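Chemist: got a structure for you, letters missing:
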């Protein structure tokens, strides 16, 4: 493989990995993160970087809270992304800053880049993006800016409550419908699914679908002002957005679902073009 | 210390430990569990048992799901507890079986013994016991029997969401009041408290109180049919029941709170008397 002109890295928790890129925006190679892990800068260095070359690396998801930009604002800052000196002399690392909102408190770690990637293709979008993940994020976008955000810990709670694999969307939708109408039952539903498993009243797949569905249902109930009467787009791993799609279908919604990795790459390419543009 | 006549062990997850007992029900010694851990049968053996003596050990919290008794029923079975052969020849181990309910699924692992300990002092009680813990349990008790139960995973979710120490009851009550009225906001409240911590908008104690309060508030909202208009008694670690007391005070309730360890010991003593009675 030829030496990349630059490297795009979605390097946060749940990030999509990294891509070796040409100046023209072609993908030479892709590094996927290990299951449950992330691609580190050291991985990139050993994989693609040649000693002495000093290749530009543009990374999102590594935000320092202090560098995050306050809402309302465009997902990418107009100037060059924050420059950061990396220990590795073979890379010139620049970080895309996250977005922050203080009330309620939200901090993005890569979601800003996915939003930018989406807006790169739909600059006039006025609606809501739901970015799924361990911490899911709902962002209201209007006139090219992120106006407000809400975050939910549903994905991480599902892991803590025992959901190991991606459950069946139809079973998740059934469980979600129940907690959308009775969200206060969430902690009870989680306890019941686990005990049903213990007592042999449910197979593991059904118990895990019950847990994931209860969490997604409670999230949809709380996020109702974000999706009701809005154009909604889901962004994330296809197996994850499929669960939200199934739960939302029961509410009469059929949102578009986009792969989070594609949006992350599009956002990093947009940030790269901004960087090159300001350099020229 | 003299060789105990028998040993009482509350040996499940979150159990209170074990007691070296005389036939007359006096406590000779107490073994407390390590923080976050439990007292094991091997611990008891190395601590109190003399080779060749074969001391009776009566333990709760080690229920096999198959041996659990179905509701409605008294918290202790009238006959002798299930005998189980232990590997250790120095102990004659007997287990108090748990209680099970299939719909919604609940399985007790020591709570049945605490309920029995409470009813030993209040045999005519008609009301609800809330047993706090990693999985909290609400039990409706009437005419000496457990009629129905609900379980909540609030305590375990608090741990997963980052609550390490017992937070301030007043701060927990504030957060709980908010989710009692808007329980669907639970997953959002958890995400917000964590991000507020990350952004330095809250000190760790306040963020942890927000998380614990959000979970307890959602639990109280879902358990409302259990505490509204009923005599309610809290049973658990005093630092834990204090959080529920503070949250319930805001709803106009002032439930009695009893130490879970004391109730466990009282229940094991009641089971022991039943065992000795049937032997005599």
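Modeler: Noted; the coordinates are in hand. Remember, predicted model here, so these are calculated numbers, not experimental data.
Chemist: the stretch 101-250 of chain A: strands as residue ranges?
Modeler: Counting by DSSP state E, counting those that start in this stretch, the stretch 101-250 of chain A has strands at residues A:105-107, A:127-131, A:136-142, A:145-152, A:232-236.
Chemist: so which of those strands comes closest to residue A:276?
Modeler: strand A:145-152 (23.3 Å; Cβ to Cβ). Where C-beta positions appear, they are placed from N, C-alpha and C, glycine not excepted.
Chemist: by how many degrees do the closest one and strand A:136-142 diverge?
Modeler: 160 degrees (axes from the mean of the first three to the mean of the last three Cα atoms, to 10 degrees).
Chemist: contacts for strand A:145-152, please.
Modeler: A:71-75, A:99, A:101, A:104, A:106, A:108, A:112, A:115, A:135-141, A:219, A:222-223, A:226, B:187-188, B:190-192, B:195 (Cβ atoms under 8 Å, 6 or more residues apart in numbering or on different chains).
Chemist: just stretch A:72-84 next, same as before
Modeler: A:58, A:67, A:69, A:92-97, A:99, A:112-113, A:115-116, A:119, A:144-148, A:267, A:270-271, A:274-275, A:278-279.
Chemist: let's go with 6 Å and repeat that
Modeler: A:67, A:93-97, A:112, A:115-116, A:144-147, A:271, A:275, A:278 (Cβ atoms under 6 Å, 6 or more residues apart in numbering or on different chains).
Chemist: same question for stretch A:91-110.
Modeler: With Cβ under 6 Å, 6+ apart as the criterion, stretch A:91-110 contacts A:10, A:12, A:15, A:49, A:54-63, A:67-71, A:81-84, A:86, A:112-113, A:146, A:149, A:151, A:271, B:192, B:195-196, B:198-199, B:201.
Chemist: filter those down to the ones in helices?
Modeler: A:112, A:113, A:271, B:192, B:195, B:196, B:198 (DSSP state H).
Chemist: and the residues you listed, which is closest to residue B:183?
Modeler: Once Cβ to Cβ is applied, the member of the ones in helices among the contacts of stretch A:91-110 that ends up nearest residue B:183 is residue B:192, at 15.1 Å.
Chemist: distance of the closest one relative to residue A:162?
Modeler: Here residue B:192 is placed at a distance of 24 Å from residue A:162 (Cβ to Cβ, to the nearest Å).
Chemist: tell me which of these two has more neighbours.
Modeler: Legend: neighbour count by other Cβ atoms under 10 Å in any protein chain shown for residue B:192 and residue A:162, higher for residue B:192 (26 against 15).
Chemist: for that one, what are its contacts?
Modeler: A:104, A:105.
Chemist: related to what we said a few turns ago, closest to residue B:232 among the ones in helices among the contacts of stretch A:91-110?
Modeler: When these are compared against residue B:232 (criterion: Cβ to Cβ), the nearest one is residue B:192, at 29.8 Å.
Chemist: can you flag the buried ones in the contacts of stretch A:72-84?
Modeler: A:93, A:94, A:95, A:96, A:97, A:112, A:115, A:116, A:146, A:271, A:275 (16 or more other Cβ atoms under 10 Å in any protein chain shown).
Chemist: quick check: residues of chain A near chain B?
Modeler: A:65, A:104-107, A:135, A:150-154, A:160, A:183-188, A:190-192, A:195-196, A:198-199, A:201, A:218-219, A:221-222 (Cβ under 6 Å from any Cβ of the partner chain).
Chemist: run a quick neighbour tally on residue A:104.
Modeler: That count, for residue A:104 with other Cβ under 10 Å as the rule, works out to 18.
Chemist: err, residue A:106, not the other one
Modeler: 28.
Chemist: can I assume residue A:17 is in contact with residue A:39?
Modeler: Yes. Taking Cβ atoms under 6 Å as the definition, residue A:17 is a contact partner of residue A:39 at 4.7 Å.
Chemist: just want the residue of the stretch 1-150 of chain A that's nearest chain B.
Modeler: For the stretch 1-150 of chain A, the residue closest to chain B is residue A:105, as judged by Cβ to the nearest Cβ, at 4.0 Å.
Chemist: what's near enough to touch the residue of chain A positioned farthest from its centre?
Modeler: Most distant residue from the mean C-alpha position of chain A: residue A:199, 35.9 Å away (Cα atoms, centre = their mean). Going by Cβ under 6 Å, 6+ apart, residue A:199 touches B:65, B:105, B:107.
Chemist: can you report phi and psi for it?
Modeler: phi -90, psi 0 (degrees, to the nearest 10).
Chemist: the spatially closest residue to it that is not a sequence neighbour and residue A:55, how far apart?
Modeler: Once flanking residues are discounted, residue A:199 sits nearest to residue B:65: 5.2 Å by Cβ to Cβ, 6 or more residues apart in numbering or on different chains. To residue A:55, residue B:65 is 58 Å away according to Cβ to Cβ.
Chemist: those two: who's more crowded?
Modeler: residue A:55 (20 against 14).
Chemist: shaky segments in chain A?
Modeler: Low-confidence segments of chain A, defined by pLDDT under 70: A:86, A:278-280.
Chemist: kindly state the domain boundaries assigned to chain A.
Modeler: Following automatic domain parsing, one finds the domains of chain A at A:6-123+A:261-279, A:151-259.
Chemist: need the winner for burial among those domains.
Modeler: domain A:151-259 (a mean of 21; mean count of other Cβ atoms under 10 Å in any protein chain shown).
Chemist: quick one: distance of that one to the chain centre.
Modeler: Distance, stretch centre to chain centre, for domain A:151-259: 17 Å (Cα atoms, centre = their mean, to the nearest Å).
Chemist: quick one: residue A:236 and residue A:260 touch, right?
Modeler: Yes. In this structure, residue A:236 is within contact of residue A:260 by Cβ under 6 Å, at 4.5 Å.
Chemist: dump the ones in helices among the contacts of stretch A:91-110 into a markdown table; add distance to residue B:176 as well.
Modeler: Below are these laid out as a markdown table (distance: Cβ to Cβ, whole Å):
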| residue | distance to residue B:176 |
| --- | --- |
| A:112 | 33 |
| A:113 | 37 |
| A:271 | 43 |
| B:192 | 15 |
| B:195 | 20 |
| B:196 | 17 |
| B:198 | 23 |
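Chemist: from those, which is closest to residue A:3?
Modeler: Using Cβ to Cβ, the ones in helices among the contacts of stretch A:91-110 come closest to residue A:3 at residue A:271, 21.0 Å.
Chemist: quick one: which of the contacts of residue A:199 is nearest chain A?
Modeler: residue B:105 (4.0 Å).
Chemist: what sits up against the helix or strand encompassing residue A:44?
Modeler: Per DSSP states H and E, residue A:44 falls inside helix A:41-48. Helix A:41-48 has contacts (Cβ under 6 Å, 6+ apart) with A:4, A:7, A:18, A:20, A:31, A:88, A:90.
Chemist: of the domains of chain A, which is nearest residue B:172?
Modeler: domain A:151-259 (15.3 Å).
Chemist: end to end, how far does the closest one reach?
Modeler: One end of domain A:151-259 sits 19 Å from the other (Cα to Cα, to the nearest Å).
Chemist: cool, and stretch A:80-97?
Modeler: OK, stretch A:80-97 end separation, Cα to Cα: 11 Å.
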